[in-house]
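Asks: Here you go, sequence then predicted model.
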Amino acid sequence: MTFRNGLDSLLRPEDSVLVLIDHQPYQLANLNSHDPQAVVNNSTALAKAAKAFGVPTILTSVIADRGGLLFPQITDVFPGQEVIDRTFINTWEDQKVVDAVKATGRKQLIIAGLWTEICVAMPVIQALGEGWDVTVITDASGGTSVEAHEVAIQRMIAAGANMMTWLALASEWQRDWARTEHAAELTDVLKQHAAGSGIAYLWEQQLLNTPVPNSARCFERG
């Protein structure tokens with residue numbers, strides 16, 4: 001096994017390309033590994049983070065006429081962008097998707113989708129075999145059961161894939177708070193989608209912008 005370590009193994013926005021696979025009503029209806037609301041929230045946050053950092057994002061569905069359109073929370077992040085609709089269950093066998101990924105010139109391939117054990121595992125394992133550096137965003141994905149999701153993750157790790165959550169990925173893209181180019185956009189994503197962390201940030205801003213009452217100043221002086 002090739003160990004994925006060292007500074008160069010960390011994800012960089014300029015080298016990343018994101019593929020969001022089959023976040024559709026049919027798949028969500030039988031999602032049992034996660035709270036469906038959490039998956040919608042997390043996949044939307046992932047899409048927004050990618051847009052904030054300028055990471056090319058490919059959207060793809062499978063037989064949308066029957067399985068439903070991608071979640072509007074995702075497509076609204078990329079208004080007017082084509083969603084590649086497939087018949088292949090394995091996204092990496094659809095040449096249009098692969099060509100779109102290759103056209104970006106990026107080699108850090110990031111994937112999230114429904115279901116983990118099928119529509120995520122297949123392209124991840126094939127792309128790994130073709131030499132891609134593949135990361136799966138586990139909390140923006142989900143399976144038909146907890147077991148199905150977890151076994152798929154184990155299978156992909158054994159094949160050489162890297163596992164992350166959306167917030168860990170966004171933090172790795174940011175890397176240094178001295179990099180202010182995308183910090184404001186990232187902060188907006190955290191406020192909207194990072195639950196406790198986002199609320200804590202808003203609270204911190206409230207406290208920093210609230211004058212200290214005179215009585216509190218007197219108490220501090222003793």
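Replies: That came in fine, so what should we check first? Residues are numbered from 1 along each chain as shown.

Asks: if I pick His23, what's in contact with it?
Replies: His23 is in contact with Val39, Val40, Ser43, Leu70, Phe71, Ile74, Ala112, Gly113, Leu114, counting by C-beta atoms under 8 Å, 6 or more residues apart in numbering. Just so you know, the C-beta spots here come from the backbone N, C-alpha and C atoms, and that holds for glycine as well.

Asks: how near is the residue nearest the centre of the chain to Gln95?
Replies: Taking C-alpha atoms, centre = their mean, the centroid of the chain lies closest to Leu46, which sits 3.4 Å from it. Leu46 sits 25 Å away from Gln95, taking C-beta to C-beta, to the nearest Å as the criterion.

Asks: What of Ala158?
Replies: Taking C-beta to C-beta, one finds Ala158 at 27 Å from Gln95.

Asks: for Asp65, same thing?
Replies: 21 Å.

Asks: for Glu185, same thing?
Replies: Counting by C-beta to C-beta, the gap from Glu185 to Gln95 is 33 Å.

Asks: swap in Val17?
Replies: Distance from Val17 to Gln95, by C-beta to C-beta: 16 Å.

Asks: okay, those two: which has more neighbours?
Replies: Val17 (22 against 10; other C-beta atoms under 10 Å).

Asks: ok, Lys51 touching Phe78?
Replies: Yes - the pair Lys51 and Phe78 passes the contact test of C-beta atoms under 8 Å, sitting 7.0 Å apart.
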